[in-house]
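**Q** after the sequence you'll find the predicted model.
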Number of protein chains: 2
Amino acid sequence: MLNKDDVIPLYVQLKRLLRSQILNGEFKEMDLLPSETQLMKQYQITRTTIRKAIAELKQEGLVQQVHGKGTYVRLRETKDTVWNFQGFSDLAHLQNQKPITKVLEKETYQKDGSSFLKLVRLRGLQSDNITTWMTIDTSHLPLNRFPDLDTYDFSNTSLYKLLRETYNTYPHHANLNIEPILGTPLMYDRLELEEKKPLLRSFGVVSTESNIEIEHLEIIYSPHFKFKFSQYINY
Amino acid sequence: MLNKDDVIPLYVQLKRLLRSQILNGEFKEMDLLPSETQLMKQYQITRTTIRKAIAELKQEGLVQQVHGKGTYVRLRETKDTVWNFQGFSDLAHLQNQKPITKVLEKETYQKDGSSFLKLVRLRGLQSDNITTWMTIDTSHLPLNRFPDLDTYDFSNTSLYKLLRETYNTYPHHANLNIEPILGTPLMYDRLELEEKKPLLRSFGVVSTESNIEIEHLEIIYSPHFKFKFSQYINY
DNA sequence: CAGTGGTCTAGACCACCCT
DNA sequence: GGGTGGTCTAGACCACTGT
């Protein structure tokens, strides 16, 4: 149920509710969501509010509206663009796949008189007990900002969840470069690739809303990872 | 001005108007757009309609709203990301470089009973009489939608400008895939590259606002072309 | 035809920012 | 305090889809 006195806007509450119902499987792929009129009655809120919630779900690619028919659940495609960050786990669940993370390296080092944590993780998706490795993530995090970060085990803990919940730091945007590379033998070995196809490498900085740098990172993408983009064209 | 009897929704009309004003430089980077109240008076439409228009501009990355302050023009983010389309020329001028286009192939062909134009162009930047080739663009365009398109010379004519001004067709967004490849000898030859570094290849479809496909395209990027992204992180 | 989403109006109250 | 955007209500009419 929704709480009209909560500080969280009604449309956000409704959006989260519908999203969790979709992700939990209460509504399945190609199901129709309740119509806007039904939702009005059910939650006693206006259609405008409902449409705002659905519009954002549509933007996230979870839902598709068709005039005269209804609002369909749409888990396929669209959101493959989200590479890592936290979209990784969500994406996995949608496709009945399990996100797998293996910590390859974890070490602290000094640079310019400050301590940093270097974290190398192999990330992949598991379905039917077959694991497909997708990326090798290398993160560099400042330990003065995140004390004791090196004491955590990251194989089961989301880095960003930890930053948010323990260090109250909210990653907001990333500035990244992308380039094609020939992988090193180590990379192909880690990603369990036979073919020595070229790989994608992206690297850059993750910052908070106020542009404080919180992470330097590099991501090596396996060819299994399909990059999709939508780009608006400016006149 | 807006036309309330037009079949085009008011918010779309307003969105296009504001967008063209931004891109024509009537509003500049970091300028404030007129406030929602001002726009209400100016165009005699409701705030809901105005907010819908602005929301879509926000989604396109042209504009940013700040509570209590106003709506700012923000061209930065999108501009760096823009690879080709017409951002190419803008980008060039900014750096005191001249955009160069060389038509490599131009031929019509039949497929599924329809005629198409295949256009292959080499694009680069010139400064101090040195040309650096950046991309090889291959476009496929339907001739039934663009009659006589094959009669134009594209070395000095912008394809998109032609589509807009002659065929009244507005490219709006592109859905693209990106992958690293090993180039063919022909590619390295055309791009005048000595080193056989891996290249980036992107391919996909360009559509109008109403999702009508107008161009299939492939772009091969030279390593001289640096890809930069800004990605917002969603929770 | 009834039901659905798409657009739009005319208000209201609030939280935020600046002076 | 006066202006800004953020949320929400309670309606209305329309275009599209199915039967």
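**A** Received it, and whenever you're ready, just let me know what you need.
**Q** return the residues of chain A in contact with DNA strand C.
**A** Listed as neighbours of DNA strand C in chain A under the rule CB under 7 Å from any atom of the strand: A:33, A:35-38, A:47-48, A:51, A:65-71. Bear in mind the C-beta positions are built from the backbone N, C-alpha and C, glycine included.
**Q** which of the residues you listed lies closest to A:S202?
**A** Within those, distances to A:S202 taken as CB to CB reach their minimum at A:Q65, with 32.9 Å.
**Q** pLDDT at A:T46, what is it?
**A** pLDDT, A:T46: 96.
**Q** what is the neighbour count of the nearest residue to it once chain neighbours are set aside?
**A** Take A:T46 and drop its neighbours on the chain: the residue closest to it by CB to CB, 6 or more residues apart in numbering or on different chains is A:M40, 7.0 Å away. When neighbours are defined as other CB atoms under 10 Å in any protein chain shown, A:M40 has 15 of them.
**Q** check A:Y11 too.
**A** A:Y11 has 20 nearby residues by other CB under 10 Å.
**Q** that one belongs to a helix?
**A** Yes - using DSSP: H, G, I helix; E, B strand; the rest coil, the secondary structure at A:Y11 is a helix.
**Q** ok, it - contacts?
**A** Counting by CB atoms under 8 Å, 6 or more residues apart in numbering or on different chains, A:Y11 makes contact with A:49-50, A:52-53, A:56.
**Q** what comes up buried for the one helix or strand the residue nearest to A:T46 maps to?
**A** Applying DSSP states H and E as the criterion places A:M40 in helix A:36-43. Residues A:36, A:39, A:43 are the ones in helix A:36-43 that count as buried (16 or more other CB atoms under 10 Å in any protein chain shown).
**Q** rewinding a little: what score does the residue nearest to A:T46 have for pLDDT?
**A** 96.
**Q** my read: A:V103 touches A:L119, true?
**A** Yes - in this structure, A:V103 is within contact of A:L119 by CB atoms under 8 Å, at 7.1 Å.
**Q** report pLDDT for A:L62.
**A** Looking at A:L62, its pLDDT is 83.
**Q** my bad, A:S207
**A** 83.
**Q** contact partners for the residue nearest to it when sequence neighbours are not counted?
**A** Among residues not flanking A:S207 along the chain, A:E213 sits closest, at 5.3 Å (CB to CB, 6+ apart). Counting by CB under 8 Å, 6+ apart, A:E213 makes contact with A:205-207.
**Q** from those residues, pick the one nearest DNA strand C.
**A** DNA strand C lies nearest to A:S207 out of the contacts of A:E213, by CB to the nearest atom of the strand, at 18.6 Å.
**Q** I figured that closest one hits A:T169, correct?
**A** No - taking contacts as CB under 8 Å, A:S207 lies outside contact range of A:T169: 10.4 Å.
**Q** now do the residue nearest to A:E192 when sequence neighbours are not counted, the pLDDT please.
**A** Closest residue to A:E192 apart from its sequence neighbours, by CB to CB, 6+ apart: A:W133 at 5.7 Å. Looking at A:W133, its pLDDT stands at 93.
**Q** what's the first-to-last distance across stretch A:223-231?
**A** End-to-end distance of stretch A:223-231 (CA to CA, to the nearest Å): 22 Å.
**Q** in the sheet, who's paired with A:S127?
**A** A:I130 (DSSP bridges).
**Q** confirm A:P147 sits in a helix?
**A** No - counting by three-state DSSP, A:P147 is not found in a helix; it is coil.
**Q** helix/strand/coil for A:E26?
**A** coil.
**Q** how near is A:M1 to A:R47?
**A** Here A:M1 is placed at a distance of 18 Å from A:R47 (CB to CB, to the nearest Å).
**Q** could you see whether DNA strand D lies near stretch A:3-15?
**A** Yes - Stretch A:3-15 lies within reach of DNA strand D by CB under 7 Å from any atom of the strand, at A:4, A:9-12.
**Q** can you give me the strands in chain A?
**A** Here chain A has its strands, by DSSP state E, at A:63-66, A:70-73, A:98-111, A:114-127, A:130-142, A:173-181, A:199-207, A:213-221, A:227-232.
**Q** could these be laid out in TSV, adding distance to B:P147?
**A** TSV is the format used below for the strands of chain A (distance: least, CB to CB, whole Å):
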stretch	distance to B:P147
strand A:63-66	33
strand A:70-73	37
strand A:98-111	51
strand A:114-127	47
strand A:130-142	46
strand A:173-181	38
strand A:199-207	40
strand A:213-221	42
strand A:227-232	28
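**Q** format the ones you listed as JSON lines; extra columns: distance to DNA strand D.
**A** Formatted as JSON lines, the strands of chain A follow (distance: least, CB to the nearest atom of the strand, whole Å):
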{"stretch": "strand A:63-66", "distance to DNA strand D": "7"}
{"stretch": "strand A:70-73", "distance to DNA strand D": "9"}
{"stretch": "strand A:98-111", "distance to DNA strand D": "30"}
{"stretch": "strand A:114-127", "distance to DNA strand D": "33"}
{"stretch": "strand A:130-142", "distance to DNA strand D": "31"}
{"stretch": "strand A:173-181", "distance to DNA strand D": "17"}
{"stretch": "strand A:199-207", "distance to DNA strand D": "21"}
{"stretch": "strand A:213-221", "distance to DNA strand D": "25"}
{"stretch": "strand A:227-232", "distance to DNA strand D": "20"}
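**Q** what's the closest of these to B:L200?
**A** Of all the strands of chain A, it is strand A:173-181 that lies closest to B:L200, at 5.1 Å by CB to CB.
**Q** could you count how many residues lie near A:L186?
**A** Using other CB under 10 Å, A:L186 has 10 neighbouring residues.
**Q** so it versus A:L199, what's the distance?
**A** 12 Å.
**Q** please apply the same query to A:D6.
**A** Plainly put, A:D6 is 46 Å away from A:L199 if you go by CB to CB.
**Q** if you count what's nearby, which of the two comes out ahead?
**A** For A:D6 and A:L199, the more surrounded residue by other CB under 10 Å is A:L199, and the numbers stand at 25 against 10.
**Q** residues in contact with that one?
**A** A:180-183, A:187, A:220-223, B:180.
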